[in-house]
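> Pasted the sequence and its predicted model underneath.
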Amino acid sequence: MKAPKDIRTLSSEQLVAELKVLGQPAFRARQIESWIWDKGASSFDEMTNLGGDLRVQLIEKFSLGRLDTGETQVSKDGTVKCAFNIAAGQIVEGVLIPTSKRMTACISSQVGCSLACAFCATGRMKLLKNLTGGEIVDQVRRLAELAQEHHGKGLSNIVYMGMGEPLLNYRHVMESIDRITGTPGLGMSPSRITVSTAGIAKMIRRMGDDETRVNLALSLHAATDEKRNKIMAINETNDLDSLRDAIQHFYTKTGTRPTFEYVLLRDFNDGVEDARALARFATCVPCKINLIEYNPIDDGEFERSRPENTDDFQHFLEDHFNMIVNVRRSRGEDIDAACGQLAGKG
Ligand code: SAH
């Protein structure tokens with residue numbers, strides 16, 4: 001017998017159609033969606049306004065999965081890391097990052113990653129699975145609960161910067177965004193959501209064509225093809241010219257300024273020439289720059305940039321090119337929750 005279909009993978013239209021087959025009116029679909037996406041129900045039995053017969057039919061026909069929450073760890077800086085058990089031996093992690101102004105949930109889009117960037121721990125794992133929209137939304141829901149429990153407030157921002165490459169799981173990521181921003185759903189503003197990509201030119205263009213309203217961050221990390229090829233194999237098929245074109249297309253279609261992310265690696269990409277190359281690339285659109293402190297991973301191939309080089313790099317871009325530059329300090333390092341450290345170690 002075929003495994004029952006996860007009801008959370010159905011679109012609103014598909015759910016209406018499925019219910020019609022069961023002789024049910026369309027408003028039942030709204031009720032069910034409200035249970036799933038507003039109230040976070042984890043079983044059909046909770047859906048008390050449906051009537052017993054329909055609940056039995058739903059139980060026979062569909063499954064209603066919920067992400068199984070694993071261990072939670074709290075860093076001394078208030079960062080909270082939460083493991084989610086996807087399947088036997090498959091774990092993803094979500095991270096809650098509190099700052100004075102924001103409460104950011106950093107969520108995963110895949111178990112593992114296919115890209116193997118040289119500086120990232122997740123890339124050592126290979127790709128095991130694309131998460132479904134529901135599995136992504138459940139991370140947000142759980143991190144929102146943890147935000148209340150640990151810090152007494154709700155989420156202000158969501159970043160797709162955990163494990164995986166969101167643009168290689170495009171359909172499910174967009175489904176999750178619809179549920180996070182929609183009603184029934186979590187009703188968050190898309191302007192509070194950022195999708196971060198290692199640079200899949202075709203899918204960046206697609207985000208433009210789809211006129212998405214979320215923010216886009218491109219993990220640049222080097223602004224010449226020669227250097228970028230050395231640390232990000234994806235650059236061999238998605239080079240800087242193709243990314244520049246795609247980003248311009250995205251900006252023209254959406255009017256949203258992209259962010260360029262740049263991990264500063266000591267004596268590799270943190271010199272004045274590197275900053276000049278970054279500025280040259282980044283002037284292709286109005287943008288923001290996020291300089292990221294490198295978090296060392298096991299093999300020690302790279303080191304964090306010296307503090308004075310980080311400062312010089314930032315000020316060079318600000319003073320000579322009038323750019324908006326933020327330095328993203330490392331958070332949650334003591335619990336392996338910092339950027340690039342998520343690898344399902346728990
Ligand atoms: N695949 C997506 C999202 C996941 S990574 C992407 O590449 O953008 C989120 C951010 O953390 C990216 O900018 C990534 O390059 C950065 N990152 C990866 N490893 C890191 C490390 N060891 N230290 C600091 N940042 C890292």
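Thanks, I have it.
> excluding its backbone neighbours, what's nearest the closest residue to the ligand within the chain?
Taking C-beta to the nearest ligand atom as the measure, the point where the chain comes nearest the ligand is G340, at 2.0 Å. In short, each C-beta sits where N, CA and C put it, glycine included. If the residues on either side of it in the chain are set aside, G340 comes closest to C120, at 4.5 Å by C-beta to C-beta, 6 or more residues apart in numbering.
> contacting residues for the one you found?
The contact partners of C120, by C-beta atoms under 8 Å, 6 or more residues apart in numbering, come to 113, 297, 340.
> make it 10 Å
By C-beta atoms under 10 Å, 6 or more residues apart in numbering, the residues touching C120 are 113, 163, 198, 219, 231-232, 263, 295, 297, 339-343.
> ok, it to L216 distance?
Distance of C120 to L216, computed by C-beta to C-beta, to the nearest Å: 19 Å.
> Could you do H315 as well?
When distance is defined by C-beta to C-beta, H315 is 26 Å away from L216.
> want to throw the contacts of C120 into CSV with neighbour count?
Listed next are those as CSV, based on neighbours: other C-beta atoms under 10 Å:
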residue, neighbour count
C113, 25
M163, 27
A198, 24
S219, 23
I231, 19
M232, 23
V263, 27
N295, 21
I297, 20
C339, 26
G340, 20
Q341, 22
L342, 27
A343, 20
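> Switch the residues you listed over to JSON lines; also include pLDDT.
Shown next, in JSON lines, are the contacts of C120 (pLDDT from 0 to 100):
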{"residue": "C113", "pLDDT": "96"}
{"residue": "M163", "pLDDT": "95"}
{"residue": "A198", "pLDDT": "98"}
{"residue": "S219", "pLDDT": "98"}
{"residue": "I231", "pLDDT": "97"}
{"residue": "M232", "pLDDT": "98"}
{"residue": "V263", "pLDDT": "97"}
{"residue": "N295", "pLDDT": "91"}
{"residue": "I297", "pLDDT": "86"}
{"residue": "C339", "pLDDT": "75"}
{"residue": "G340", "pLDDT": "72"}
{"residue": "Q341", "pLDDT": "72"}
{"residue": "L342", "pLDDT": "70"}
{"residue": "A343", "pLDDT": "73"}
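> of all the residues you listed, which comes closest to V327?
Using C-beta to C-beta, V263 is the member of the contacts of C120 that lies nearest V327, at 11.3 Å.
> shouldn't that closest one be in contact with A222?
Yes: V263 sits in contact with A222 when judged by C-beta atoms under 10 Å, with a separation of 9.4 Å.
> Test of understanding: give the bridge partners of K288.
Taking DSSP bridges as the rule, K288 bridges to T259, I324.
> Give me the neighbour count for it.
Here the neighbour count serves as a burial measure; for K288 (other C-beta atoms under 10 Å) it reads 16.
> For Y262, see how far away it is.
According to C-beta to C-beta, K288 stands 11 Å off from Y262.
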